[in-house]
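Visitor: Model the following, please.
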Amino acid sequence: MPVLEELKNAVMSGGEISAEEAALLCLAPLGDLCAAAAEIRERRCGGGFDLCAIVNAKSGRCSEDCKFCAQSAHYRTDACEYRLLSPEAIVAEARAAEAGGALRFSIVTSGGALSDEELDSVCRSIAMIRRETGLSPCVSLGLLSAEQFAALKEAGAERAHNNLESSEKFFPNICTTHGWREKVAAIAAAREAGLSVCSGGIIGLGERMADRIEMALELRELGISSVPLNILNPIAGTPFEKNRPLPHEEILRTVAVYRFILPEASIRLAGGRGLLADKGYSCFKYGANAAITGDMLTTAGISPRRDREMIASLGFEVRRDG
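Guide: The predicted model follows:
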């Protein structure tokens, strides 16, 4: 039996693949690999599709030096700068997201962490979202403590987001102002507070496929079930502005390999999807089953209406994961 068929059957039966086996998938014919990933997604996840939206609730002047980010104060970019939005402004964005068909809504802020005053404001925003919408509130607020995450949980937050960005080995090439292990500690703190966790990364930073595989295995080890995959959108003024765009075939292969490693996860196309000619259609057909709809943090996204039409054409049913 060919290796691809063996690995597909193992994963569909509830097994796991190793780093060495994942590397073999990178040698398989792309069409066969994608078809196998689609089978795994259907068997292990069914036809559900999780759709979320985000708000850039505090933008720019970030102290961190993430080399892909337009909001870092270390670089000169055209990103907007503003303080934390009011609860009323955040809730207005949440209502618009719900009207567009989103099921989850994440409050995202720039910076390594929030002040106590900012955290209190975000908690009030979450409580209002709970009262005034049917959305599941999520947060992406940096490297918070267990106590801060507990306050967010008490306010009504359900999920915390904190991307690993890449493998532990490659991470120092991305950021030097905080470490990969600090992210893992923040994930543990969110879980200690009773929040579920969303964590993934960015492809196209200059990493190898081996780094992507290592990150997927690390996410599996951490038990992450919601995995956003961003595709680098090179921003003028950042150190990665001249990075070569990834070929569409490489993106498809990455998504398919992630489906083999994380067979039950919501693999969520996020930033950079708008750069794809098909806006992610083929990735959804062959392994991904979740997305961020609407605008990203500093770049335009894809309209909720277009996303809903695409999701319906693929036969998915929009529903919450987890």
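Visitor: wait, doesn't T77 sit right on I235?
Guide: Yes: taking contacts as CB atoms under 8 Å, T77 lies within contact range of I235: 5.7 Å. The C-beta positions use only the backbone N, C-alpha and C, and glycine is treated the same way.
Visitor: Who has more neighbours out of the two?
Guide: Using other CB atoms under 10 Å as the criterion, T77 and I235 rank with I235 on top: 20 against 16.
Visitor: what's the burial count for the residue lying closest to the more buried one once chain neighbours are set aside?
Guide: Nearest-residue entry for I235: A70, 4.4 Å, with adjacent residues in sequence omitted and distances by CB to CB, 6 or more residues apart in numbering. A count of nearby residues for A70, using other CB under 10 Å, gives 24.
Visitor: Contact partners for R41?
Guide: Going by CB atoms under 8 Å, 6 or more residues apart in numbering, R41 touches 259, 263, 287, 289.
Visitor: and if you look at A256?
Guide: Counting by CB under 8 Å, 6+ apart, A256 has contacts 25, 30, 33-34, 36-37, 286-287.
Visitor: how about 7 Å then?
Guide: By CB atoms under 7 Å, 6 or more residues apart in numbering, A256 lies in contact with 33-34, 37, 286-287.
Visitor: any chance you could map the helices in the protein?
Guide: 3-12, 19-25, 30-45, 87-99, 116-132, 146-155, 180-192, 209-222, 248-261, 281-285, 304-313 (DSSP state H).
Visitor: Show the backbone phi and psi for G179.
Guide: Main-chain dihedrals, G179, degrees, to the nearest 10: phi -110, psi 160.
Visitor: Just give the closest residue to it, not the sequence neighbours.
Guide: Leaving out its chain neighbours, the residue that sits closest to G179 by CB to CB, 6+ apart is F171, at 7.2 Å.
Visitor: That neighbour reaches W180, doesn't it?
Guide: Yes: between F171 and W180 there is a contact at 4.1 Å, judged by CB atoms under 7 Å.
Visitor: okay, and the helix or strand of this protein with the least pLDDT?
Guide: Counting by mean pLDDT, DSSP states H and E, the chain has its least confident helix or strand at strand 317-318, which shows a mean of 90.
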